[in-house]
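J.: output the structure for:
(2 chains)
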Amino acid sequence: MKTVRTRIAPSPTGFPHIGTIYQALFDYAFAKKNNGKFYVRIEDTDRERLVEGAEEKIFEALDWFGLVEDESVRKGGPFGPYKQSERLQIYQKYAKELIERGGAYYCFCTKERLEEVHKKQTENHVATMYDKHCRNLSKDEIARNLAENKSYVIRLKIPENTDIVVTDEIRGEIHFDSNLIEDAVLLKSDGYPTYHLASAVVDDHLMETSHLVRGEEWLSSLPKHWIALDYFGWEKPLFFHTPVLRNPDKSKLSKRHGHTNVVWYKEEGFLPEAILNYLALMAWSHPAGKEIFPMEEFIKYVELKDLKPVGPIFDLEKLKWMNGEYIRMLSVLELERKLIEFYKEDQEVMHVLKNSQQKDTLITLAQTRMKTLKDFKELVIPLQIDLTDEEKLVIKALQESFGKISDWNKDVILAGIREVLAATKAKGKVLYKIFTGREKGLPLPDMLELFGKEKVLNDLSKKA
RNA sequence: GCCGCUAUCGUCUAGUGGUCUAGGACGUUGCCUUCUCAAGGCAAAGACCGCGGGUUCGAAUCCCGCUAGCGGUACCA
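T.: Model prediction:
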């Protein structure tokens, strides 16, 4: 059997997208399962949308999730270069070759003419596509245009009147009427290739991609790739078009309605393992029906053809629940490390985390109350608020009760609390408001024991 | 508009012709626990399997039509 080779092919046009991670997850797991290779190819052929630093961010995201590739620009590998802008000659060579094979042609149409055609088609309610104006230019004409240094693109010659049958491993055979498929631009006038030449055809062939996993938005252009591959006579990879992740309103997951930037999840205190586990459940399910399982198990059971073709809605609530589950699975030490990493620039929280007397207890108490690492702060940092006269009365009672305690431990403190609650008819919430500034918090007896009688009474007198 | 894909609780899903009066998870509600909030435990509500036709002794499961949603329709990926 052929070696399994999967890839992600992100374009460095912005922040690292959660959808890219979704793809990478399946690519990575499937490659690992089959002792294959997972590689990253940077697709920077759109010079206008290129964003400085975006490439580094993609790799940082991959590292954060632990979806580390086997081959890439930064890792090297036998199929490099792994960045398309460094492969320009290759694409140009193959574009010319395709022309010779009769599968492509020079097009000298100007942008203005194209716009004109487009406009007319829209007016006539006809499919908007290239009118094949340059498809049958004579050899002389082409030579003349070339000699005159006219700007040109190279277009794919889609056969006419053909039923194009392609296969997607998730959906099966799909038919397309070739007359409705555009003679797509393969090589742009700036000499850079488009996706239709560089990625799905030349690179995936040269880099020996065996299982091509990509978003469903590519399904409509599959026939173009299929035909180009046929012109070259190249063996095709198995195509898997994963469903697109959606917003709650069912539209394609976007910045506007959802959170697409990987960095956002990190800043909100989500754990990469939890996100991955959640993502694994999108359009796929564990054979035993398990919801929570480690990466090793995902690798063991993942099958690309088991992916469902329906676009799932990204449910942040369920992700939060799962994140909480992952937080609870951590040992205190592991959680402490994650908290330190998360709060390293927050003086206030770091102060708490550095207090060796208190940190373990605090972390343990907070653990069941956190959905994200971000929740930790409001659990341990009190809010400064003004108290009502009624609440100040409760403080008086508290001072009296606590003042009598000689053996300061949580059981005795709890007894004192109950006493005060009974005497003042106050609700537990009031106590929490007094101590934390919020109507809830970590268990008071434990907290007060931890802080010590002196500090507690001191604080109370300040608030009275 | 045209082309393509898809269609089970609000959401993620199980289900591949009979075991489905459709199972699980998130969320929601109630109860237990209780110093608050969580966590945990136990319950409950929630899907005439988008609609309409077939095929079959029998369909959520197969076929057709419709509808709806999504994706594509760029010298973007």
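J.: my read is A:D183 is in a helix, agree?
T.: No - judged by DSSP: H, G, I helix; E, B strand; the rest coil, A:D183 forms no part of a helix; its state is coil.
J.: what's the spacing between it and RNA strand B?
T.: As judged by C-beta to the nearest atom of the strand, to the nearest Å, A:D183 and RNA strand B stand 9 Å apart. No exception for glycine: its C-beta is placed from N, CA and C like everyone else's.
J.: can you classify the residue lying closest to that residue once chain neighbours are set aside by secondary structure?
T.: Nearest non-adjacent residue to A:D183, counting by C-beta to C-beta, 6 or more residues apart in numbering: A:R155, 4.4 Å away. Secondary structure, three-state DSSP: A:R155 is strand.
J.: list the buried residues in stretch A:75-95.
T.: Buried residues in stretch A:75-95, counted by 16 or more other C-beta atoms under 10 Å: A:77, A:79-80, A:82-84, A:87-88, A:90-92, A:94-95.
J.: same check on stretch A:201-217?
T.: By neighbour count with 16+ other C-beta under 10 Å, stretch A:201-217 contains the buried residues A:201-205, A:207-216.
J.: mind listing what the residue in the stretch 301-450 of chain A that RNA strand B sits nearest to touches?
T.: At 2.2 Å from RNA strand B, A:G428 is the closest residue in the stretch 301-450 of chain A, using C-beta to the nearest atom of the strand. Contacts for A:G428 were tallied using C-beta atoms under 8 Å, 6 or more residues apart in numbering; they are A:L421.
J.: spell out which residues of the stretch 101-250 of chain A are next to RNA strand B.
T.: For the stretch 101-250 of chain A, the residues in contact with RNA strand B (C-beta under 7 Å from any atom of the strand) are A:109-111, A:114, A:118, A:125, A:127-130, A:151, A:153, A:171-172, A:174-177, A:180, A:182, A:185, A:188-190, A:192-195, A:199, A:216-221, A:244, A:246, A:249-250.
J.: mind listing which of those residues are in helices?
T.: Among these, DSSP state H puts A:K111, A:L114, A:H118, A:Y195 in helices.
J.: ok so, going back, out of the buried residues of stretch A:75-95, which is nearest to RNA strand B?
T.: Distance to RNA strand B across the buried residues of stretch A:75-95 (C-beta to the nearest atom of the strand) is lowest for A:Q84, with 8.1 Å.
J.: okay, that closest one: pLDDT?
T.: pLDDT, A:Q84: 97.
J.: gap between it and A:R47?
T.: Separation of A:Q84 from A:R47 (C-beta to C-beta, to the nearest Å): 11 Å.
J.: what's the closest non-adjacent residue to A:I413?
T.: In space, and not counting its chain neighbours, A:I413 is closest to A:P445: 4.6 Å by C-beta to C-beta, 6+ apart.
J.: show me where the stretch 201-350 of chain A has its helices.
T.: Ranges of helices in the stretch 201-350 of chain A, per DSSP state H, counting those that start in this stretch, are A:204-206, A:222-232, A:262-267, A:272-280, A:295-301, A:316-329, A:332-343, A:347-354.
J.: re earlier: now the ones in helices among the residues of the stretch 101-250 of chain A next to RNA strand B in JSON lines, please, with extra columns for neighbour count and pLDDT.
T.: JSON lines is the format used below for those (neighbours: other C-beta atoms under 10 Å; pLDDT from 0 to 100):
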{"residue": "A:K111", "neighbour count": "9", "pLDDT": "91"}
{"residue": "A:L114", "neighbour count": "15", "pLDDT": "93"}
{"residue": "A:H118", "neighbour count": "14", "pLDDT": "90"}
{"residue": "A:Y195", "neighbour count": "21", "pLDDT": "97"}
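J.: could you single out the nearest of those to A:W264?
T.: If you rank those by distance to A:W264 using C-beta to C-beta, A:Y195 comes first, at 26.7 Å.
J.: about what we covered before: so which of the helices of the stretch 201-350 of chain A is the most surrounded?
T.: Mean neighbour count (mean count of other C-beta atoms under 10 Å) peaks for helix A:272-280 among the helices of the stretch 201-350 of chain A, with a mean of 22.
J.: report all helices and strands that it contacts.
T.: Judged by 3 or more C-beta pairs under 8 Å, 6 or more residues apart in numbering; DSSP states H and E, the packing partners of helix A:272-280 are helix A:18-33, helix A:54-65, helix A:295-301, helix A:316-329.
J.: output the second one as PDB, restricted to C-alpha atoms.
T.: The C-alpha coordinates for helix A:54-65 follow below in PDB (Å, rounded to 0.1, in the frame of the first residue of the first chain):
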ATOM      1  CA  ALA A  54       0.900  35.100   9.500                       C
ATOM      2  CA  GLU A  55       3.100  32.200   8.600                       C
ATOM      3  CA  GLU A  56       4.800  32.100  12.000                       C
ATOM      4  CA  LYS A  57       1.400  32.300  13.700                       C
ATOM      5  CA  ILE A  58       0.200  29.200  11.900                       C
ATOM      6  CA  PHE A  59       3.200  27.200  13.100                       C
ATOM      7  CA  GLU A  60       2.700  28.600  16.600                       C
ATOM      8  CA  ALA A  61      -0.800  27.400  16.600                       C
ATOM      9  CA  LEU A  62       0.100  24.000  15.400                       C
ATOM     10  CA  ASP A  63       2.700  23.700  18.200                       C
ATOM     11  CA  TRP A  64       0.200  24.900  20.800                       C
ATOM     12  CA  PHE A  65      -2.200  22.100  19.700                       C
END
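J.: now what about that helix, what contacts it?
T.: By C-beta under 8 Å, 6+ apart, the surrounding residues in contact with helix A:54-65 are A:10, A:12-16, A:20-21, A:24-25, A:40, A:42, A:44, A:68-69, A:72-74, A:262-263, A:266, A:272, A:275-276.
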